[in-house]
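Peer 1: sequence first, then the predicted structure:
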Amino acid sequence: MDILVQPLNRVIRATPGVNLLEALRAAQVPMSYSCLSGRCGICRCRVIDGEVLDGGREQQRPLDGVDGGVLACQTYVTEPCTIEVPAPEEAVVHQARVAKGVVTAIEPLAADIRRLLIKVSKPIAFSPGQYVQIAFTPAHIRPYSMANLPGQQVLEFHVQLMPKGRVSHYIATQLKVGDSVKISGPLGAAYLRHQPVGPLLCVAGGTGLASVLSVVRGAVAAGMSNPIHLYLGVRSPREMYGLAWLDQLRSTHPSLQVHVVMASGADVHQQRRGLVTQAIEQDHPSLQGWQAYVCGSPPMVESTTLLALRKGMEAVHLHAEAFYMQAD
């Protein structure tokens, strides 16, 4: 059975019923993957022609007339098909692993935001913009994005304290410096791509700034010269943080422009009023040729994604991660 792989224009042979990711790996097709369980979303690809078996839904999916996006690790090939792998030249493989860590600092960043530093037993391989699961106890587990660069033994996280949030309440009231935690990952497909496709649009809502900081820090460290437009959206002054880090990045990367947008209570001399989507709409008639990294609440991520597509950005260049706040 043949699988035509685009844009490589390669035909690989596979046995009917084989896992798609296994077939791609066996043929040494450049393909990003990590967790192998369908959680991280990194191995997403598109079925252009043919039918596959979606292991997650346990049913065959006819893909004619729809987008055809699937996770390769959860997909089984049942007949000849054509698969489009995204940006094979940007493929990254960070095998998910579990590491022990020790809390080294818990610091206030804003009224309801904490900076959490965790030293891991050995550095975890990841790409800027990814996240991990942190198990503080067996009953207190949540995903958080790294704000630092890969290769560092101390990982930096930004935690939003949620009203009645079980895990964030534990972090605020019980977690102590010296406590042991378990970290698993990396996860997430909104990681930095290095191909020079044009200006970068980085959009953060609240503590989504952690992921965006990692992306921008990674771009600067890699010597990327792309213009970067960073939009930070917050609801009120209580959520404002990170301006010193952004100023520092702006001093080392002159083509970085920072826009702080506050929904209410803003000082009009320093921040813009409204929503990040309104600011982007005002600033950029077209986003054709741009690449985007978006991280924050689901409504912000969805509205920004729709806006970027409407302004001409190609879907393959739009990398988004939604934070689902949990109060349980």
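Peer 2: Nice, I can see it. Given the structure is predicted, the values throughout are model-derived calculations rather than measurements.

Peer 1: any idea how far the residue nearest the centre of the chain is from Gly129?
Peer 2: Nearest residue to the geometric centre of the chain (Cα atoms, centre = their mean): Ala190, 3.0 Å. According to Cβ to Cβ, to the nearest Å, Ala190 and Gly129 sit 5 Å apart. Where C-beta positions appear, they are placed from N, C-alpha and C, glycine not excepted.

Peer 1: tell me, what's touching the two both at once?
Peer 2: Here Ala190 and Gly129 share the contacting residues Ser211, Val215, Tyr293, Cys295, His319, Glu321, scored by Cβ atoms under 8 Å, 6 or more residues apart in numbering.

Peer 1: what pLDDT is listed against the third one?
Peer 2: If I follow you right, that is Tyr293. Predicted confidence (pLDDT) for Tyr293: 93.

Peer 1: list the contacts for it?
Peer 2: Residues counted as contacts of Tyr293 (Cβ under 8 Å, 6+ apart) are Gly129, Ala190, Leu192, Leu200, Leu201, Cys202, Val203, Ser211, Val212, Val215, His319, Ala320.

Peer 1: the last one reaches Met300, doesn't it?
Peer 2: In this case it means Ala320. No. At 9.7 Å, Ala320 does not count as touching Met300 under the criterion of Cβ atoms under 8 Å.

Peer 1: tell me the helix or strand right after the least confident helix or strand in the chain by mean pLDDT.
Peer 2: Within the chain, confidence by mean pLDDT, DSSP states H and E is lowest for strand 59-62 among all helices and strands, at a mean of 36. The C-terminal neighbour of strand 59-62 among helices and strands, as given by DSSP states H and E, is strand 69-71.

Peer 1: quick check: which helices or strands does that following strand pack against?
Peer 2: Helices and strands touching strand 69-71, by 3 or more Cβ pairs under 8 Å, 6 or more residues apart in numbering; DSSP states H and E, are strand 44-49.

Peer 1: and the strand it packs on, how far from the chain's centre?
Peer 2: Strand 44-49 sits 21 Å away from the centroid of its parent chain (Cα atoms, centre = their mean, to the nearest Å).

Peer 1: picking up where we left off before, make sure the residue nearest to the centre of the chain is indeed in a helix.
Peer 2: No. Per DSSP: H, G, I helix; E, B strand; the rest coil, Ala190 lies outside any helix segment and is coil.

Peer 1: which residues does it contact?
Peer 2: Ala190 sits next to Gly129, Gln130, Ser211, Val215, Tyr293, Val294, Cys295, His319, Ala320, Glu321 when contact means Cβ under 8 Å, 6+ apart.

Peer 1: next one: the last one from Gly296, what distance?
Peer 2: Translated: Glu321. In this view, Glu321 and Gly296 are 8 Å apart by Cβ to Cβ.

Peer 1: any shared contact partners between those two?
Peer 2: Residues touching both Glu321 and Gly296 (Cβ under 8 Å, 6+ apart): Gly208.

Peer 1: gap between the residue nearest to the centre of the chain and Gln133?
Peer 2: To Gln133, Ala190 is 16 Å away according to Cβ to Cβ.

Peer 1: do you know the pLDDT at Gly55?
Peer 2: 68.

Peer 1: picking up where we left off before, could you export the contacts of Tyr293 to JSON lines, including columns for secondary structure and distance to Ser32?
Peer 2: As requested, the contacts of Tyr293 are arranged in JSON lines below (DSSP: H, G, I helix; E, B strand; the rest coil; distance: Cβ to Cβ, whole Å):
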{"residue": "Gly129", "secondary structure": "coil", "distance to Ser32": "13"}
{"residue": "Ala190", "secondary structure": "coil", "distance to Ser32": "12"}
{"residue": "Leu192", "secondary structure": "coil", "distance to Ser32": "12"}
{"residue": "Leu200", "secondary structure": "strand", "distance to Ser32": "19"}
{"residue": "Leu201", "secondary structure": "strand", "distance to Ser32": "21"}
{"residue": "Cys202", "secondary structure": "strand", "distance to Ser32": "20"}
{"residue": "Val203", "secondary structure": "strand", "distance to Ser32": "22"}
{"residue": "Ser211", "secondary structure": "helix", "distance to Ser32": "17"}
{"residue": "Val212", "secondary structure": "helix", "distance to Ser32": "20"}
{"residue": "Val215", "secondary structure": "helix", "distance to Ser32": "16"}
{"residue": "His319", "secondary structure": "strand", "distance to Ser32": "12"}
{"residue": "Ala320", "secondary structure": "strand", "distance to Ser32": "16"}
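
Peer 1: this completes my enquiry, with thanks.
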